[in-house]
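Chemist: here are the coordinates; sequence isn't available:
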C-alpha cells in the first residue's frame, strides 16, 4: 500500500503543470486513489480563499458522480449553525486531525453532520487541516463505507500526500487570486488577456465599443440620511444590478468610484 501512495505522490509532482484548478486536481486525485483500491465513499477538499465576495469553496467527489462538484462558500455561510457546528470549522480553527469511527458509534454531539453520514452507511470519517502558506488553510475530509473503516496504514498514506498537495493548492490558489484581482480591476476579458501575456507595453488594439458612465441619484443626500454602513449595502445592490446588465451584453465593468 505504501508503494501506491508513493506512486500517486510522484504523479502529483510530475503532472503539476496540468492542474489548472482545484476542482480538476481533486477529481483526478480521488479517482486515482479509488482506482488503486482505496475505499473512498466521499472526498471533500475545501479552501478558504482571498476573495471579495466568497469565503472560499469546496470540491466534493464521490464515486457515483462523473465529475467533482465545486461549491462556493459565501461569507454569510460561515455564520450559520450548519458551519459553526461542523467539523470543518474545527479543522480550520484548531488545525488538528479529526477521526470518527462511525461504525463504532464514535459521534460528537457538536457535529450533527456525522449522524447523517452514519445513517447513510459511512463507517469512518477522517479530517485533516492543510495549511498551504501564510494564513492560507485548506481542509480535506475522507469518508468510507467499508466495514472496519480506514486502516492506520491508509491514514498514514493520505498524510504522505500532504506536502505535495500544499504546493499544488498554493499554486492553484495564487492563480485564482491573480485572476480575481485582474478581473476586478481590469475587467473579465482584459484581465484574462493580461494574465495570458497577450498585452504588452506599447501594444494597442482598435475596438468598436460604447462607454457607459452611471451615477446613483441623490447619493450624498441618501448617505447623510441612512448612514455610511447601510449605504454600502445599497451600493452593493446597485452595482450588482448594473454589472449583470453589462455582462449580459458582453461588456466589462472597469471601475467603481
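Modeler: Perfect, thanks for sending it. Predicted model only: the values in this text are computed from it and were never measured.

Chemist: quick one: the strands in the stretch 1-150 of the chain?
Modeler: 42-48, 54-61, 69-74, 98-100, 124-131, 137-144 (DSSP state E, counting those that start in this stretch).

Chemist: Give me the sheet partners of the fifth one and which way each runs.
Modeler: Based on DSSP bridges, the pairing partners of strand 124-131 within the sheet are strand 98-100 (antiparallel), strand 137-144 (antiparallel).

Chemist: show me the contacts for the residue most central in space within the chain.
Modeler: Nearest to the mean C-alpha position of the chain, by Cα atoms, centre = their mean, lies residue 57 at 2.7 Å. For residue 57, the contact set (Cβ atoms under 8 Å, 6 or more residues apart in numbering) comprises 22, 46-47, 49, 70-73. Every residue, glycine included, has its C-beta placed from N, CA and C.

Chemist: Can you give me the buried ones in stretch 37-54?
Modeler: Judged by neighbour count (16 or more other Cβ atoms under 10 Å), stretch 37-54 contains these buried residues: 38-51, 54.

Chemist: Apologies, that question was intended for stretch 69-84.
Modeler: Residues of stretch 69-84 classed as buried: 70, 73, 78 (neighbour count, 16+ other Cβ under 10 Å).

Chemist: Off-centre distance for that stretch?
Modeler: Put simply, stretch 69-84 sits 11 Å off its chain's centre (Cα atoms, centre = their mean, to the nearest Å).

Chemist: what distance separates the start and the end of that stretch?
Modeler: In stretch 69-84, first residue to last residue: 22 Å (Cα to Cα, to the nearest Å).

Chemist: avg pLDDT for it?
Modeler: Throughout stretch 69-84, pLDDT has a mean value of 89.

Chemist: Show me the contact partners of that stretch.
Modeler: Counting by Cβ under 8 Å, 6+ apart, 22-23, 46, 48, 53-61, 89, 113 sit against stretch 69-84.
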